[in-house]
Each structure stands twice: as structure tokens, then as C-alpha cells.
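Asker: Whatever this is, show me its structure:
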Amino acid sequence: MMRRKLTAGDIIEARCTKCRAVLNHRIVAMVEDRVVRVECNTCGGVHNFYPPGESKAPTARAAARGSAPAPRKAEKKTGKAERDEWESLYNAVDRSRAVPYDINGKFKVSDLVEHPVFGFGFVKSVIKPNKMEVLFEEGRKLLRCSA
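Answerer: I've put the predicted structure just below:
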């Protein structure tokens with residue numbers, strides 16, 4: 001069987017990066033005999049040529065955990081000094097005086113804040129405009145607040 005040489009403007013099957021499917025594409029650019037860029041006939045997107053071969057096989061790690069990725073875990077980057085400081089403040093304070101965190105709330109240094117995700121925290125500094133640094137059990141966080 002004689003196969004005709006491909007040239008720019010010819011139609012070829014390729015994996016579309018926008019449609020995420022193998023579709024007909026028009027060849028836009030070639031380097032010697034190799035197809036380099038194509039334009040999708042369905043969505044009009046121009047991208048590098050990806051042959052319609054098999055998609056990547058899942059890695060052993062991905063196969064072991066199933067098809068859905070595992071949820072990300074919060075990293076523990078709290079230094080020992082910060083952790084000790086938080087524990088000493090937490091043990092010495094009356095938690096009933098904690099102010100619920102509100103993005104529009106006004107806070108001052110040394111206020112006890114109760115955040116719905118991070119828990120109890122202590123305002124270490126108020127940074128203008130509209131930011132404060134709070135020490136939580138898992139470390140310092142920069143939160144939005146009212147000026």
C-alpha cells in the first residue's frame with residue numbers, strides 16, 4: 001500500500017488538548033517529515049501534535065489508591081518554639097472569651113480568635129490594610145480582617 005507523504009494543511013487524527021479526545025486535526029506546522037503543530041477541526045484550538053496512541057498508563061501508586069486522588073493533608077510546619085508558645089497561651093487563657101473569626105471583624109493584638117477550620121488562635125500582629133497574623137496550633141496564618 002502506497003502511503004502519501006503528509007504536508008501542512010492535511011487532515012490527521014490527534015489527541016486534542018482542549019477537547020481531551022482523539023479528533024480530526026489540520027496540520028499547521030511540520031519539521032522535516034514530522035508533524036509538530038495541529039489545529040482541532042472541532043474546537044479550533046491550535047496545539048502541539050499528540051499522536052492518537054494509548055493514553056498514559058496509571059502508575060503503580062495511582063493504581064494502589066484507586067481512581068480518585070487522595071485528599072491533601074495539611075503540612076505540619078510548626079516550629080517547636082511556636083508550638084510551645086501556642087500551648088502556653090492556650091492553657092493560660094479563658095476560651096469562653098474567644099471571638100469567632102469574621103472576615104469583616106475588627107481584631108487587636110493578643111485577641112483570642114476561634115476559627116472554624118484552624119481552631120483557637122492568638123492575634124500576634126495587625127497588618128494594614130486588612131490583614132492580621134494569627135498563631136494557631138498548626139502555625140502562623142495570615143488572615144483577612146477589617147481595618
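Asker: Tell me where this protein has helices.
Answerer: Under the criterion DSSP state H, the chain contains helices at 60-65, 80-92.
Asker: Quick check: the gap between the nearest residue to residue 116 once chain neighbours are set aside and residue 144.
Answerer: If the residues on either side of it in the chain are set aside, residue 116 comes closest to residue 101, at 7.0 Å by CB to CB, 6 or more residues apart in numbering. From N, CA and C alone the C-beta is placed, and that goes for glycine too. In this view, residue 101 and residue 144 are 10 Å apart by CB to CB, to the nearest Å.
Asker: the more surrounded of those two?
Answerer: residue 101 (19 against 13; other CB atoms under 10 Å).
Asker: right, and that one touches residue 111 too?
Answerer: No. Counting by CB atoms under 8 Å, residue 101 does not reach residue 111; the two are 10.1 Å apart.
Asker: Just name the shakiest helix or strand of the chain by mean pLDDT.
Answerer: helix 60-65 (a mean of 60; mean pLDDT, DSSP states H and E).
Asker: the domain parsing of this protein - what is it?
Answerer: Following automatic domain parsing, the chain resolves into domains at 11-53, 80-144.
Asker: Any chance of CSV for those domains, columns distance to residue 4 and mean pLDDT?
Answerer: Below are those laid out as CSV (distance: least, CB to CB, whole Å; pLDDT from 0 to 100):
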stretch, distance to residue 4, mean pLDDT
domain 11-53, 12, 91
domain 80-144, 62, 89
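Asker: any chance of the ones you listed in a markdown table, with distance to residue 5 too?
Answerer: Below are the domains of the chain laid out as a markdown table (distance: least, CB to CB, whole Å):
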| stretch | distance to residue 5 |
| --- | --- |
| domain 11-53 | 7 |
| domain 80-144 | 60 |
